[in-house]
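In: Kindly generate the corresponding structure for this input.
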Amino acid sequence: MKIFLILTLCILGITLLTGGCINDIIPLGDGDTATDPSEYEFDVFLNGMHGEEEFVPVHTFYLSKDGYTKAVSMVENKSVLNIVPMESLRTSSEGTISDIVILGQITHNTNSMPESFTDFSRMQQSLDINYTTSEKVIRGQKNVFIEFEEPVTGFVAYTMSIPQGHDFMYVTTPPSIVRFVLPEGYTTGNPLIGRPKPTPDSVYHDTSGRENLVWYNDGRPSGFMSMLARYSDAEVEPIPKLISVKFYTTSAPRNLAIAVIILGLISAYVFLRYRAEKQRLEDIRKGIEKQVKLPKKKGKE
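Out: Okay, here's the model as predicted:
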């Protein structure tokens, strides 16, 4: 009986471990579930990079305060979209990426002219193309891959779960343009509360009054890597750029300033009260010493 119980527990343990490992190699989903494109904003953001005419992938993240972000990528001739989500204890591996929408065409049926993206943004129905989502751990970090049956050109939108809070991070893949759109009524940049790192290349407000932060990563090495590439014939691979932003309500800096002022006034009051009380006790001590006359000590005869 004991042997049977031990064998049963071993089989159950092996089954659970195997189930956990299979999730890392099989697709996490497919393109059968249709999502309404109206859930996303398809903005044709093609402002170029350093005046170059070649297409540069654009990744826009519409941040929210509810633990998720809606991402829209403008891609050209793309077979695989690699996403590096932030880890969270409450985020399950199956729910990291969801509600995928593709507005565009198979690459050999179109081109990446601005007019084409404008037409794609007006599409009412997602592109009927098969895709799969899978995940893989690379250098200790989970990567999610959206693999298309055929290379596509157009918009790829998805919803990504992120850790609860007002912090968001993204690793750029050069060359690319990355844009963060903060929720309406939110801002960033205060040195005490938090500001984006690195400093955005462009900051502006859209027609909805939302703050937009834009970074350009042209893939060119900087600093020591730039000097190495300049004085040697060795080809230096561009290093991906980590972008992080902490956002908060527009009233947060003012509220913080008011709190600091109030705290300063309270501290000043406590300090002055302490000084006054100390001086009062000192005066009492001196008064007592004046009233009490100590007897003089007699010398030895």
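In: alpha carbons only for contacts and neighbour counts from here, please
Out: Fine.
In: got the contact list for the spatially most central residue of the chain?
Out: The residue lying closest to the centre of the chain (CA atoms, centre = their mean) is F168, at 1.8 Å. Shown in contact with F168 (CA atoms under 8 Å, 6 or more residues apart in numbering): I162, S244, V245, K246.
In: Quick one: classify it as helix, strand or coil.
Out: Recorded secondary structure, F168: strand (DSSP: H, G, I helix; E, B strand; the rest coil).
In: related to what we said a few turns ago, pLDDT for the contacts of F168 - can I get that in a markdown table?
Out: Output for these, formatted as a markdown table (pLDDT from 0 to 100):
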| residue | pLDDT |
| --- | --- |
| I162 | 77 |
| S244 | 91 |
| V245 | 93 |
| K246 | 92 |
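In: Out of the residues you listed, give me the one that has the most neighbours.
Out: I162 (24 neighbours; other CA atoms under 10 Å).
In: pretty sure it is touching K65, no?
Out: No: if you go by CA atoms under 8 Å, I162 and K65 don't touch, sitting 10.1 Å apart.
In: And the residue nearest to the centre of the chain, how far from T187?
Out: 13 Å (CA to CA, to the nearest Å).
In: Am I right that F180 is in a helix?
Out: No: per three-state DSSP, F180 lies outside any helix segment and is strand.
In: that older thread, can you pull the pLDDT of the residue nearest to the centre of the chain?
Out: Listed pLDDT for F168 reads 90.
In: same check, this time on G219
Out: 65.
In: just the one 5 residues further on next, same as before
Out: F224 is assigned a predicted lDDT (pLDDT) of 55.
In: Over to R285?
Out: As predicted, R285 sits at a pLDDT of 81.
In: count of neighbours near it?
Out: The number of residues near R285, taken as other CA under 10 Å, comes to 11.
In: where's it, which helix or strand?
Out: helix 252-291 (DSSP states H and E).
In: what do you get for G104?
Out: Here G104 sits within strand 97-106, counting by DSSP H and E.
In: now for that strand, which elements pack on it?
Out: helix 114-121, strand 141-161 (3 or more CA pairs under 8 Å, 6 or more residues apart in numbering; DSSP states H and E).
In: give me that answer again for 10 Å
Out: Taking 3 or more CA pairs under 10 Å, 6 or more residues apart in numbering; DSSP states H and E as contact, the helices and strands that strand 97-106 lies on are strand 29-30, strand 68-83, helix 114-121, strand 131-138, strand 141-161.
In: Dump it to CSV, restricted to CA.
Out: Below are the C-alpha coordinates for strand 97-106, written out as CSV (Å, rounded to 0.1, in the frame of the first residue of the first chain):
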residue,chain,number,x,y,z
ILE,A,97,-0.1,39.3,-24.4
SER,A,98,-3.7,39.3,-25.6
ASP,A,99,-6.2,40.8,-28.0
ILE,A,100,-3.9,40.9,-31.1
VAL,A,101,-5.1,42.9,-34.1
ILE,A,102,-3.3,43.2,-37.5
LEU,A,103,-4.3,46.0,-39.9
GLY,A,104,-2.3,45.7,-43.0
GLN,A,105,-1.4,43.4,-45.9
ILE,A,106,0.9,40.6,-46.8
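In: Mind listing what's buried along that strand?
Out: I97, S98, D99, I100, V101, I102, L103, G104, Q105, I106 (16 or more other CA atoms under 10 Å).
In: So what's the residue count around T173?
Out: Residues lying near T173 (other CA under 10 Å) number 20.
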